[in-house]
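J.: can you look at this prediction? I've put the sequence above it.
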Amino acid sequence: METDRQPAAFEPTRWSLVLEAKGDSRTASEQLVRLYWGPVYWAIRRGWNRTREDAKDLTQEFFLRFLEAGAAAGYDRDKGRFRTFLYGALKHFLLQERRDGARLKRGGGALPFSLDDLRDSGNEPAGGPERVFHQEWVRTILAEATARMRDESGSELAFRAFAAYHSTEGSTYESVAAALGIGVNDVHYHLKSMRRRLKEIVRGIVRETLSDPKDLDEEVGLLFP
């Protein structure tokens, strides 16, 4: 895939990751959890000061209950962004957990798909629960977009240049060029191309979670200030 190609058109209902999850779509539910597992987990662990295991248990329980109860059906697209709605649901869940005796009764259920690759990365955001939630949302969207960009065909060298430059502190165009055996101008071209492609992919991911297209530029602005 050429790195400067235009992103594919999204169906008008693609914000319907939420709507599809309402309709018991396994794929939509999995994608919804992938995008919001980190924000929910870190809000619980760091924002509410829970242990690692407690935060993992509560995060899984929250999503189980959220999906099983069809809680997404309560989302009103005219009253704000879905991630704001989800954070409100999380606060309600934790208040209920505290009120019911510091531990909700867990039935040993499991999400209907594997979350083995969504582990504690050790990169701990700091701040209150809401700040942590939104910080981690930004990180998760960027990580998801980077993974999708890595998996695209036809851009291996460009991605290697992008990864080398952004993953090593103090990297320069010259150091990346030397490591990859290419010219400095090539590094400049690849980085420009990959950054443009990353932003396209980010827009696509964010678009999937929005009900109002007018919110897209503002949301993407949080990721590319």
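T.: Now that the structure is in, tell me what you want to look at.

J.: for the closest residue to residue 56 other than its chain neighbours, grab the count of nearby residues.
T.: Spatial nearest neighbour of residue 56, excluding adjacent residues (CB to CB, 6 or more residues apart in numbering): residue 41 at 6.9 Å. C-beta: built from backbone N, CA, C; applies to glycine. Neighbourhood size, residue 41 [other CB atoms under 10 Å]: 26.

J.: okay, the one helix or strand residue 32 maps to in CSV with CA atoms only?
T.: Residue 32 is part of helix 26-42, with elements assigned from DSSP states H and E. Extracted in CSV, the C-alpha atoms of helix 26-42 (Å, rounded to 0.1, in the frame of the first residue of the first chain):
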residue,chain,number,x,y,z
ARG,A,26,-18.5,-9.6,18.3
THR,A,27,-16.1,-7.7,16.1
ALA,A,28,-17.4,-4.3,17.1
SER,A,29,-17.4,-5.2,20.8
GLU,A,30,-13.8,-6.4,20.5
GLN,A,31,-12.7,-3.2,18.8
LEU,A,32,-14.6,-1.1,21.4
VAL,A,33,-12.8,-2.9,24.2
ARG,A,34,-9.4,-2.7,22.5
LEU,A,35,-9.7,1.1,22.2
TYR,A,36,-11.0,1.7,25.8
TRP,A,37,-9.4,-1.1,27.8
GLY,A,38,-6.3,0.9,28.6
PRO,A,39,-8.1,4.1,29.5
VAL,A,40,-10.4,2.2,31.9
TYR,A,41,-7.7,0.1,33.4
TRP,A,42,-5.3,3.0,34.1
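
J.: would you enumerate the residues in contact with the residue nearest to residue 56?
T.: Residue 41 sits next to 55, 56, 59, 120, 136 when contact means CB atoms under 8 Å, 6 or more residues apart in numbering.

J.: and the last one, how many neighbours?
T.: When you say that, I think you mean residue 136. 24.

J.: residue 96 too?
T.: Neighbour tally, residue 96, other CB under 10 Å: 11.

J.: how near is the residue nearest to residue 56 to residue 129?
T.: 12 Å (CB to CB, to the nearest Å).

J.: was I right to think residue 144 contacts residue 204?
T.: No - in this structure, residue 144 is not within contact of residue 204 by CB atoms under 8 Å, at 10.3 Å.

J.: for residue 205, what is the enclosing helix or strand?
T.: helix 184-207.

J.: following the chain onward from that helix, which element is next?
T.: helix 216-223.

J.: neighbouring contacts of that next one?
T.: Against helix 216-223 from outside (CB under 8 Å, 6+ apart): 81, 134, 138, 141, 142, 199, 202, 203, 206, 207, 210.

J.: which parts of that helix are buried?
T.: Neighbour-count burial for helix 216-223, with 16 or more other CB atoms under 10 Å as criterion, is recorded at 219, 220, 223.

J.: any idea which helix or strand in the chain has the lowest mean pLDDT?
T.: Ranked by mean pLDDT, DSSP states H and E, the weakest helix or strand in the chain is helix 17-22, scoring a mean of 52.

J.: coming back round to it: show me the contacts of residue 41 that map onto helices.
T.: Among these, the residues falling in helices (DSSP state H) are 55, 56, 59, 136.
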